[in-house]
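Chemist: Quick one: sequence and predicted model below, then my questions.
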Amino acid sequence: MITSDYIKECITTSLPCEWVGVEGDDGRHFSAVIVSEQFRGKSMIQQHQLVYRALRGKMEQEIHALSMKTLTPEQWAEYQQAKR
């Protein structure tokens, strides 16, 4: 069964990230927050494509659903400030 930790490892192995958080406990449906400098200047679709590439086909075979929030480090800092 796919775990949140496995998805996090797949992402961080293939995509330089400042922070990654993945949640989900049913083995099929997950949500992730991914912070990477690689997202700078890219559209949301391009950012998500980078994550899908990092998962190398697991989306078609093993992961039923992955909702994600992709942020640059600056966006992440603003997001953290807003939560306070």
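Modeler: Noted; the coordinates are in hand.
Chemist: roughly how far apart are the most centrally placed residue in the chain and M44?
Modeler: Among the residues of the chain, the one closest to the centroid is I34, at 4.0 Å (CA atoms, centre = their mean). Distance, I34 to M44, by CB to CB, to the nearest Å: 12 Å. Quick note: C-beta positions are derived from backbone N, CA and C, even for glycine.
Chemist: Over to E78?
Modeler: Taking CB to CB, one finds E78 at 16 Å from M44.
Chemist: what sits against T3?
Modeler: G27 (CB atoms under 8 Å, 6 or more residues apart in numbering).
Chemist: for the one helix or strand the residue nearest to the centre of the chain maps to, what is the average pLDDT?
Modeler: Here I34, judged by DSSP states H and E, is contained in strand 29-35. On average, the pLDDT along strand 29-35 is 95.
Chemist: G27 and I7 touch, don't they?
Modeler: No - the criterion here is CB atoms under 8 Å, and G27 misses it with I7 at 10.6 Å.
Chemist: Helix or strand next in line after the helix or strand bottoming out on mean pLDDT in the chain, which one?
Modeler: Lowest on mean pLDDT, DSSP states H and E among the helices and strands of the chain sits helix 58-61, with a mean of 72. Note on helix 58-61: by DSSP H and E, the next helix or strand toward the C-terminus is strand 65-71.
Chemist: And that next one, how far out from the chain middle?
Modeler: Distance of strand 65-71 from the chain centroid (CA atoms, centre = their mean, to the nearest Å) equals 5 Å.
Chemist: For I34 and M44, list the residues in contact with both.
Modeler: Applying CB under 8 Å, 6+ apart, one finds that I34 and M44 are jointly contacted by T70.
Chemist: got a list of contacts for stretch 5-13?
Modeler: Stretch 5-13 has contacts (CB under 8 Å, 6+ apart) with 17, 20-22, 24, 30, 32, 34, 51, 54-56, 58, 63, 66.
Chemist: let's go with 6 Å and repeat that
Modeler: The contact list for stretch 5-13 (CB atoms under 6 Å, 6 or more residues apart in numbering) reads V20, V22, F30, A54, L55.
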